[in-house]
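>>> Mind folding the following:
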Amino acid sequence: MNYSSSHPQAPAHYKFDYKVHDPHTGDVKSQWEHRDKDKVKGGYTIHDPDGSVRTVEYHADKHNGFNAVVKKHGHSHHPHVYGHKDAH
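The predicted structure is shown next:
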């Protein structure tokens, strides 16, 4: 679509969110975002394979650029290494 100067594009406005929880694959995550003209705010949460949960919240605008805060919750759990014997 071609916009001429007599038909300027309308400012961007949107909101979305989604969630995934698949116990078969272990894929657990969610995301949300909304935009009002030149300002964007959003975040997402991911359950990492190590058992911790990573949360990212972000905002962006033309004056401050993109800014994100990343937090990690919970303790990392790593499986025992199989096939190795103790050297007793």
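>>> so who does the residue nearest to the spatial centre of the chain touch?
Residue closest to the mean C-alpha point of the chain, counted by CA atoms, centre = their mean, is Y44 at 3.0 Å. Counting by CB atoms under 8 Å, 6 or more residues apart in numbering, Y44 makes contact with 29-32, 55-56. C-beta here means a position set from N, CA and C on the backbone, and glycine is covered the same way.
>>> I'd like to know which of these are buried.
Buried by 16 or more other CB atoms under 10 Å: K29, out of those.
>>> so where's this protein shaky on pLDDT?
1-8, 79-88 (pLDDT under 70).
>>> what do you get if the cut-off is 80, keeping everything else the same?
1-11, 76-88 (pLDDT under 80).
>>> which element is the residue nearest to the centre of the chain on?
Assigned by DSSP states H and E, Y44 falls within strand 39-47.
>>> Just give me the neighbour total for D48.
Counted by other CB atoms under 10 Å, the residues lying close to D48 total 14.
>>> quick one: contacts for the residue nearest to it when sequence neighbours are not counted?
Excluding the flanking residues, the one nearest D48 by CB to CB, 6 or more residues apart in numbering is R54, at 5.7 Å. Residues in contact with R54 (CB under 8 Å, 6+ apart) are 45-46, 48, 70-73.
>>> what's next to stretch 20-36, contact-wise?
When contacts are defined by CB under 8 Å, 6+ apart, stretch 20-36 is touched by residues 11-19, 40-47, 49.
>>> where's the residue nearest to the centre of the chain relative to K71, distance?
Going from Y44 to K71 by CB to CB, to the nearest Å gives 12 Å.
>>> Can you work out which residues contact both of those two?
Joint contacts of Y44 and K71 (CB under 8 Å, 6+ apart) are 55-56.
>>> re earlier: which of the contacts of stretch 20-36 are buried? Put it as a PyMOL command.
Filtering the contacts of stretch 20-36 down to the buried ones (16+ other CB under 10 Å) takes a single PyMOL command:
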select buried, resi 40+42+43+44+45+46+47
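>>> Noted, bye for now.
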